[in-house]
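K.L.:
kindly generate the corresponding structure for this input.
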Amino acid sequence: MKQKGFTLVEVMISLFIGGLILGGVMFTFTSMKTTTKDTMSIGELQESGRLAINIMQRDIEQVGFWGTYYDDSFTAANTTVTATGVADDCSEGDNNGSFPSLTSSTSSNFRTIYAKTTTRKDNLNCIKDGIIPANDKETDILQLKFLQGDPQYDAVAGTNTTSDKINYFIAEQEQARFVTGKYIPTNINATIWPYSHHVYYIKEEEYLVNNQKIKVPALRRKRLVNGKMTSETIMEGVENMRFLFGLDTNSDSRVDTYKSPSTITAAEWENRKGILTVQVFLLIRALQPDSGIKLKNQKYTLGEGAGKRELNFNDNYRRTVFTTTIRLSNVGGNLWKI
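P.N.:
Next up, the predicted model:
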């Protein structure tokens, strides 16, 4: 039986068609790989920004809530502080430590929310490792004091869940008390709440990835624990922060103007009913550069109007800006009370 093979022309045509198919497959694979990489990188930025915003929002929303304590200030006449002293406390300016200062020489009100703009590593007498922003640009620091969690004491039910070494705030209408550890109130109408002092700032951290050391900016938090301000990393990739504060200047419980930290006066910081909202702007950066993209003259704006901060970069890092406005529900002329 006589058999025929393929001619040279048929072989060349087959190779050509096979090459086209293989090239299409390789192109599709490469495109999908690039798209997947881009999607994952963008997704990481989105996740980092969203989580950082949510964590800070929970704390900011609690500012101004003091349980069943209804006075507008903390003085020697209405406040007692027996809580454990704080080593290396975070404080700047008058009456801005973890607990109210009740000395006769202190005429200022206790600051429960405070922020500052800085280019220095050392701030608030407790931050020794903060970041110096790129290109000597400024960044902000946020300090908060608030109550969190559920009431720890119920006279009717006979429950008291206070614990050793934990800081608490005892509210008794016109009387306030800051204590540490287990506490049994003498007033059955008192409410007891866990008390917190948090400071948010940015630090550059070093990680080992694929046997290479990389430096990554991160959102850090100082918090009051066991008589000292301890540090913890909240979220990697947060490169810069900006805060603008909505102030009520005529006591009508409406925001009349927004100010940056450097333009707010001491009296405005100390006015318990003055700051109604906080605008938060976060610049989120990818952890590693992307060699596949060439980004030149990147410009990002944090804030608005006179309080805006413009940042310019010439590198291969992906970045994005997250912003939100947080309302302080327990601040203003119509304070919600239990």
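K.L.:
now do the SS call for the nearest residue to Arg285 once chain neighbours are set aside.
P.N.:
Computed as C-beta to C-beta, 6 or more residues apart in numbering, the closest residue to Arg285 that is not its neighbour in sequence is Glu239, at 4.3 Å. Using the backbone N, CA and C atoms, a C-beta is placed for each residue, glycine as well. Assigned with DSSP: H, G, I helix; E, B strand; the rest coil, Glu239 falls in the strand class.
K.L.:
my guess is Glu206 meets Pro217, correct?
P.N.:
No. With contact defined as C-beta atoms under 8 Å, Glu206 does not reach Pro217; the gap is 11.1 Å.
K.L.:
the more surrounded of the two?
P.N.:
Just comparing Glu206 and Pro217: by other C-beta atoms under 10 Å the higher neighbour count belongs to Pro217, 23 against 8.
K.L.:
now the more buried one: how far from Thr233?
P.N.:
For Pro217, the distance to Thr233 equals 11 Å [C-beta to C-beta, to the nearest Å].
K.L.:
and for these two, which residues touch both?
P.N.:
203, 205 (C-beta atoms under 8 Å, 6 or more residues apart in numbering).
K.L.:
any stretches of the stretch 1-150 of the chain with poor pLDDT?
P.N.:
Counting by pLDDT under 70, the stretch 1-150 of the chain has low-confidence residues at 1-6, 29-40, 104-107, 132-136.
K.L.:
can you list the residue ranges for strands in it?
P.N.:
Using DSSP state E, counting those that start in this stretch, the strands of the stretch 1-150 of the chain run over 79-81, 113-118, 139-147.
K.L.:
right, so those: which one is the most enclosed?
P.N.:
Ranked by mean neighbour count under mean count of other C-beta atoms under 10 Å, the strands of the stretch 1-150 of the chain are led by strand 139-147, which reaches a mean of 23.
K.L.:
tell me what it is packed against?
P.N.:
helix 8-62, strand 113-118, strand 191-209, strand 238-247 (3 or more C-beta pairs under 8 Å, 6 or more residues apart in numbering; DSSP states H and E).
K.L.:
C-terminal to it, what's the next element?
P.N.:
Downstream of strand 139-147, the first helix or strand assigned by DSSP states H and E is strand 153-154.
K.L.:
partners of the next helix or strand after that following strand, with directions?
P.N.:
Sequence-wise, the next helix or strand downstream of strand 153-154 (DSSP H and E) is strand 159-160. Sheet pairing for strand 159-160, assigned by DSSP bridges, gives strand 153-154 (antiparallel).
K.L.:
how far does the partner strand sit from the chain's center?
P.N.:
A distance of 31 Å separates the centroid of the chain from that of strand 153-154, by C-alpha atoms, centre = their mean, to the nearest Å.
K.L.:
ok, now stretch 232-242?
P.N.:
7 Å.
K.L.:
buried residues, that stretch. List them.
P.N.:
Of the residues in stretch 232-242, 235-242 count as buried by neighbour count, 16 or more other C-beta atoms under 10 Å.
K.L.:
try stretch 69-81
P.N.:
Neighbour counts over stretch 69-81 (16+ other C-beta under 10 Å) mark 69, 71, 73-74, 78-79, 81 as buried.
K.L.:
pick out the residue nearest the middle of the protein.
P.N.:
For the chain, the residue nearest the mean C-alpha position is Met56 (3.9 Å; C-alpha atoms, centre = their mean).
K.L.:
which parts of the stretch 151-300 of the chain are strands?
P.N.:
153-154, 159-160, 167-172, 175-180, 191-209, 212-225, 228-236, 238-247, 257-259, 275-285, 298-302.
K.L.:
tell me which of the ones you listed approaches Val63 most closely.
P.N.:
strand 275-285 (8.2 Å; C-beta to C-beta).
K.L.:
direction included, what does the closest one pair up with?
P.N.:
With DSSP bridges as the test, strand 275-285 pairs up with strand 238-247 (antiparallel), strand 319-327 (antiparallel).
K.L.:
Leu282 is nearest to which of those strands?
P.N.:
Nearest to Leu282, of all the strands paired with strand 275-285, is strand 319-327, at 4.6 Å by C-beta to C-beta.
K.L.:
next one: that closest one to chain centre, how far?
P.N.:
11 Å.
K.L.:
what do you get for stretch 324-331?
P.N.:
With C-alpha atoms, centre = their mean, you get 14 Å for stretch 324-331.
K.L.:
flag every buried residue along it.
P.N.:
The neighbour-count check on stretch 324-331 (16+ other C-beta under 10 Å) flags 324, 326, 328, 330-331 as buried.
K.L.:
make TSV out of these and add pLDDT and distance to Gly18.
P.N.:
Below are those laid out as TSV (pLDDT from 0 to 100; distance: C-beta to C-beta, whole Å):
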residue	pLDDT	distance to Gly18
Thr324	96	55
Ile326	96	61
Leu328	92	68
Asn330	86	71
Val331	82	72
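K.L.:
which two in the residues you listed are spaced the farthest apart?
P.N.:
Based on C-beta to C-beta, the longest span within the buried residues of stretch 324-331 runs between Thr324 and Asn330 and measures 18.2 Å.
K.L.:
apart from its neighbours in sequence, what residue is nearest Lys213?
P.N.:
In this structure, Lys213 finds its nearest non-sequential neighbour in Glu206, 5.7 Å apart by C-beta to C-beta, 6+ apart.
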